[in-house]
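Student: Structure, please.
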Amino acid sequence: METVRDMLSGQPFLSGMSSAQLDNLARWSRMTSFPTGARIFEEGQRADRFWLVREGRVDLQTQIPGRGGVVLDSLGRGAVLGWSWLFPPYRWHFSASAGEVTSAIEFDAAAVREQCQREPALGFQLAIRFTEVVVDRLQSTRLRLVDMYARQP
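Tutor: As a prediction, this is how the structure comes out:
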């Protein structure tokens with residue numbers, strides 16, 4: 001039977017991390033799943049977890065006045081869900097729900113932050129990796145906005 005630690009070593013997001021760093025992360029992680037339509041977190045609430053998506057799809061949404069919830073992005077296998085836990089004030093910037101049955105590795109964000117303070121090399125590795133996620137999401141959003149406005153008269 002595959003352990004959470006085994007699963008972590010196969011995650012692209014964690015590729016290249018040391019065995020000791022993966023062991024540390026495994027202490028603060030567990031497997032979880034969400035049925036289709038399940039709300040994973042709400043914009044503005046406390047960001048106390050993050051996930052590595054193993055299977056399924058998660059939709060990121062935001063509220064737009066007069067339009068309600070709008071899907072901004074969809075994340076699938078291998079994606080990282082949640083970066084707000086890393087940056088004060090530790091509040092979600094978006095909402096997320098399962099677009100289909102989703103399995104993921106869930107991390108206790110406060111425990112991981114504390115571990116990062118005790119082990120700066122782990123903190124550096126995660127900060128670099130999450131910064132790449134944020135930059136990729138910003139670039140993706142920029143391209144969608146350019147496309148949206150290019151189609152308008």
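
Student: which helix of the chain spans the most residues?
Tutor: As assigned by DSSP state H, the longest helix anywhere in the chain is helix 120-150.

Student: now that helix: how far from the chain's centre is it?
Tutor: Remark: helix 120-150 is offset 11 Å from the chain centroid, using Cα atoms, centre = their mean, to the nearest Å.

Student: Just the buried positions in it, please.
Tutor: 122-123, 125-126, 129-130, 133, 137 (16 or more other Cβ atoms under 10 Å). (Each C-beta comes from the backbone N, C-alpha and C, glycine too.)

Student: model confidence over it, on average?
Tutor: The predicted model gives helix 120-150 an average pLDDT of 86.

Student: now stretch 14-26, how far from the chain's geometric center?
Tutor: Stretch 14-26 sits 17 Å away from the centroid of its parent chain (Cα atoms, centre = their mean).

Student: Grab the CA positions of it and hand them over as PDB.
Tutor: The C-alpha coordinates for stretch 14-26 follow below in PDB (Å, rounded to 0.1, in the frame of the first residue of the first chain):
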ATOM      1  CA  LEU A  14       8.100  18.600  -4.900                       C
ATOM      2  CA  SER A  15      10.600  17.100  -7.400                       C
ATOM      3  CA  GLY A  16      14.200  17.700  -6.300                       C
ATOM      4  CA  MET A  17      13.500  18.100  -2.600                       C
ATOM      5  CA  SER A  18      15.600  16.100  -0.300                       C
ATOM      6  CA  SER A  19      14.400  12.900   1.400                       C
ATOM      7  CA  ALA A  20      14.500  14.600   4.800                       C
ATOM      8  CA  GLN A  21      12.400  17.600   3.500                       C
ATOM      9  CA  LEU A  22       9.800  15.200   2.100                       C
ATOM     10  CA  ASP A  23       9.800  13.300   5.400                       C
ATOM     11  CA  ASN A  24       9.100  16.600   7.200                       C
ATOM     12  CA  LEU A  25       6.200  17.500   4.800                       C
ATOM     13  CA  ALA A  26       4.800  14.000   5.200                       C
END
